[in-house]
Structures are given as C-alpha cells and as structure tokens.
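Q: can you look at this prediction? I've put the sequence above it.
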Amino acid sequence: MFYMLAAITSEALYAIGAAVAAFTGVGAGIGIGIATGKAVEAIARQPEAEGKIRTTLMLGLAFAETTAIYGLLIAILLVIKV
C-alpha cells in the first residue's frame with residue numbers, strides 16, 4: 001500500500017512540475033507584450049530610429065520566445081516521464 005502512495009505522489013509531482021514549466025509561456029507572453037508596446041511608443045516618439053528599434057525588438061522577442069520554448073520542452077519531457 002505504501003508503494004502505491006509513493007507512485008501516486010511521484011506522478012503528481014511530475015504533473016505539477018510540467019504545469020509550472022508550461023507556465024513559462026505566460027511570462028514570455030507578458031514580456032513580449034510589454035516589449036512591443038514600448039517599441040511602438042519609441043517609434044512614435046522618434047520615427048527616424050525605426051530600423052534600430054525594430055532590430056532590437058526582434059532580438060528581444062527571440063530571447064523571450066526561446067524561454068517559452070524551453071519551458072514547453074521541459075513540460076513535454078515531464079509529461080512523457082509520467
């Protein structure tokens with residue numbers, strides 16, 4: 001009986017870990033939204049710097065999206081482990 005409780009607890013912990021790892025997508029989405037909003041404000045203030053702002057924005061968005069993809073990958077690996 002104790003073995004069954006340990007197995008259930010282990011599976012539950014894997015599921016909780018997968019949910020937390022998948023939650024990184026929320027953080028990335030918030031970061032992307034804030035960065036895009038600030039870039040639009042910056043372009044509105046200085047239209048002549050649009051190229052530099054857009055380049056920096058794309059680099060930042062790539063980093064934010066990479067963290068979300070890593071979180072998704074960890075979540076998938078934890079779900080497969082269960």
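A: Right, received. Where do you want to start? Model, not experiment: these values are computed from the prediction.

Q: remind me which residues of this structure are low pLDDT?
A: Low-confidence segments of the chain (pLDDT under 70): 1-8, 82.

Q: ok, 50 please
A: In the predicted model, the chain carries no residue with pLDDT under 50.

Q: how about the helices in this structure?
A: 2-22, 24-45, 50-81 (DSSP state H).

Q: can you get me a residue count around Ala75?
A: Residues near Ala75, counting by other Cβ atoms under 10 Å, number 20. The C-beta positions use only the backbone N, C-alpha and C, and glycine is treated the same way.

Q: contact partners for it?
A: Residues near Ala75 by Cβ atoms under 8 Å, 6 or more residues apart in numbering: 18-19, 21-22.

Q: any idea how far Ala19 is from it?
A: 7 Å (Cβ to Cβ, to the nearest Å).

Q: number of residues surrounding Ala18?
A: Neighbour tally, Ala18, other Cβ under 10 Å: 21.

Q: so it touches Leu72, yeah?
A: No: Ala18 sits out of contact with Leu72 when judged by Cβ atoms under 8 Å, with a separation of 10.0 Å.

Q: for Phe23, see how far away the residue nearest the centre of the chain is.
A: In the chain, the residue lying closest to the centroid (Cα atoms, centre = their mean) is Ala68, at 2.6 Å. Distance from Ala68 to Phe23, counting by Cβ to Cβ: 10 Å.

Q: which residues do those two both contact?
A: Shared contacts of Ala68 and Phe23 (Cβ under 8 Å, 6+ apart): none.

Q: coming back round to it: would you turn the contacts of Ala75 into a markdown table with distance to Arg54?
A: Converted to a markdown table, the contacts of Ala75 look like this (distance: Cβ to Cβ, whole Å):
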| residue | distance to Arg54 |
| --- | --- |
| Ala18 | 35 |
| Ala19 | 35 |
| Ala21 | 31 |
| Ala22 | 30 |
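
Q: and those, which are buried?
A: Burial by neighbour count, 16 or more other Cβ atoms under 10 Å: within the contacts of Ala75 this picks out 18, 21-22.
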